[in-house]
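Asker: build the 3D model from these lines:
(one chain, ligands or ions: 1)
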Amino acid sequence: MQVPLLDLRAQYAPLKEQILAAISEICDSQRFILGPKVEELEAQLKQYCSSVGAVGVTSGSDALIIALMAEGIKAGDEVITTPFTFFATVGAIVRVGAKPVFADIDPATFNIDPARIAEKITPRTKAIIPVHLFGQAADMDPIMALAKKHDLIVIEDACQAIGAEYKGRRVGSIGDYGAFSFFPSKNLGCFGDGGVVTCNSEEREKKLKIFRNHGQSNTYIHDYVGGNFRLDALQAAVLSIKLKELDKWSAARQKNGAEYDEMFKAVGLGDVIVTPQKAAYGVRHIYNQYSIRVLNGKRDALKAYLSENGIGCAIYYPLSLHLQNCFAELGGKAGDYPVCEQTTREILALPIYGECPREQREFVVATIAKFFGK
Ligand SMILES: *Cc1c(COP(=O)(O)O)cnc(C)c1O
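Answerer: Sure, this is the predicted structure:
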């Protein structure tokens, strides 16, 4: 049996005609940049994310960068974030010239630990970027309290978490900004690269729209140096159609996650496998990934064994960001963020996508049990 980590073809098949018709309509109009399709998507996303503003952009990476640019964050400023995230979170901070400052993670949720953030705040701190990793919200109340106390901007990296909730509130509507990615492997993916940045005021929304278009406030009048961060109409049209299915897809992932939890429990691997923990603070977890911890130093051997048996799995992420070559001059060393570093040695993502058949997931668990001699 072959079990891919992700297969998007089953999701596409029932929408194919509708999507091709929408693409054809845009090709006929020959209007590809921004325009009504992007505006329609932005209106839908504001509603879906419960945010005041939503501005379509080129990618999740650019959603982070444009939020930092709109706040004027620059060289000499510090931005606190997690060392356990996709590279783009930290890359965005460095690309605007600011200094990333890391705070270690909570071992249960893999998300930034608010108690560790408090220790890192200095007079130069301008913002906090919590990441809602794997589709589960970070602990936002203490983060927002710290931000209020120290007058900091909060940019939620919600790239893996569209529709996720924290205490009943949608991610991307809690901080000042939310960055979302429509990379194909996210719960809501487009047919290429795309993203959206949400925000909590109309003023910020207006500024983001100016920054998205080279800082242009009126035709060829530039108030800022922005960039070309425009979402295109083809991606927006695809996303508008797919957004209507998103809750169904996320529910299928939740069901698959719950079934994995039961299967692992039934097979009795509790001493070697830790299944994903639901945060105690109350969340709607949308399971962009189902990432287990593999204890006793067996992760890499298990991953190789699963691959030999035709099972797709992946390590998100194998190296803490403070140990990346490109950040060497920040002076990070092994041992600085022990919880994150241990997690990078234990984490393993299994196939969780909505259409993944039950018998394939049963095979995944049975193969893991076999590896451990159960
Ligand atoms: C995917 C992702 C990004 C970047 O999104 P792109 O659309 O690929 O640029 C940023 N942060 C996190 C946590 C992500 O998972």
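Asker: what sits against the residue in the stretch 201-350 of the chain that the ligand sits nearest to?
Answerer: Using CB to the nearest ligand atom, the single residue of the stretch 201-350 of the chain nearest to the ligand is residue 288, 7.6 Å away. (C-beta placed from N, C-alpha, C; glycine too.) Shown in contact with residue 288 (CB atoms under 8 Å, 6 or more residues apart in numbering): 134-135, 160-161, 186-187, 253.
Asker: try it again with 10 Å
Answerer: Residue 288 sits next to 132-136, 159-162, 164, 185-188, 250, 253, 316, 349, 352-353 when contact means CB atoms under 10 Å, 6 or more residues apart in numbering.
Asker: helix, strand or coil for it?
Answerer: Here residue 288 is recorded as coil under DSSP: H, G, I helix; E, B strand; the rest coil.
Asker: tell me the pLDDT at it?
Answerer: With respect to pLDDT, residue 288 has a value of 98.
Asker: quick one: which of the contacts of residue 288 sit in helices?
Answerer: Within the contacts of residue 288, residues falling in helices by DSSP state H are 250, 253.
Asker: list only those of the contacts of residue 288 flagged as buried.
Answerer: 132-136, 159-162, 164, 186-188, 250, 253, 316, 349, 352-353 (16 or more other CB atoms under 10 Å).
Asker: out of those, which touch the ligand?
Answerer: Applying CB under 6 Å from any ligand atom, the subset of those adjacent to the ligand comprises 159-160.
Asker: what residue in this protein comes nearest to the ligand?
Answerer: Among the residues of the chain, residue 60 lies nearest to the ligand; the distance is 2.5 Å by CB to the nearest ligand atom.
Asker: ok, that residue touching residue 198?
Answerer: No - counting by CB atoms under 10 Å, residue 60 does not reach residue 198; the two are 12.0 Å apart.
Asker: give the intersection of the neighbour lists for the two.
Answerer: 158, 179-180.
Asker: top of those by number of neighbours, please.
Answerer: When the shared contacts of residue 60 and residue 198 are compared by neighbour count (other CB atoms under 10 Å), residue 158 ends up highest, at 33 neighbours.
Asker: need the contact list for it.
Answerer: Going by CB under 10 Å, 6+ apart, residue 158 touches 49, 60, 63, 130-132, 135, 137-138, 164, 170-175, 177-181, 186, 196-198.
Asker: what residues of the helix or strand containing residue 205 count as buried?
Answerer: Using DSSP states H and E, residue 205 sits in helix 202-212. Neighbour counts over helix 202-212 (16+ other CB under 10 Å) mark 204-205, 207-212 as buried.
Asker: what of stretch 142-156?
Answerer: 143-144, 146-147, 152-156.
Asker: near the ligand at all, it?
Answerer: No - when contact is scored as CB under 6 Å from any ligand atom, no part of stretch 142-156 falls within range of the ligand; the minimum is 10.3 Å.
Asker: first to last residue in that stretch, what's the distance?
Answerer: Its first and final residues considered, stretch 142-156 spans 14 Å by CA to CA, to the nearest Å.
Asker: now it: mean pLDDT?
Answerer: 98.
Asker: cool, stretch 240-250 as well?
Answerer: 98.
Asker: can you list contacts of that stretch?
Answerer: Contacts of stretch 240-250 (CB under 10 Å, 6+ apart): 11-12, 14-15, 18-19, 21-23, 37-38, 40-45, 47-48, 135, 162-164, 182, 187-191, 239, 284-288, 353-355.
Asker: shaky segments in this structure?
Answerer: Regions of the chain meeting the criterion pLDDT under 70 are absent.
Asker: quick one, helices of it?
Answerer: Applying DSSP H to the chain gives helices spanning 9-12, 16-29, 36-49, 60-70, 87-95, 114-118, 140-150, 202-212, 233-243, 246-267, 299-308, 338-346, 358-371.
Asker: just checking, what packs against the first one?
Answerer: So that's helix 9-12. The elements that helix 9-12 packs onto, with contact taken as 3 or more CB pairs under 10 Å, 6 or more residues apart in numbering; DSSP states H and E, are helix 233-243.
Asker: mind listing what's buried in the helix it packs on?
Answerer: Using 16+ other CB under 10 Å as the test for burial, helix 233-243 gives 233-240, 242-243.
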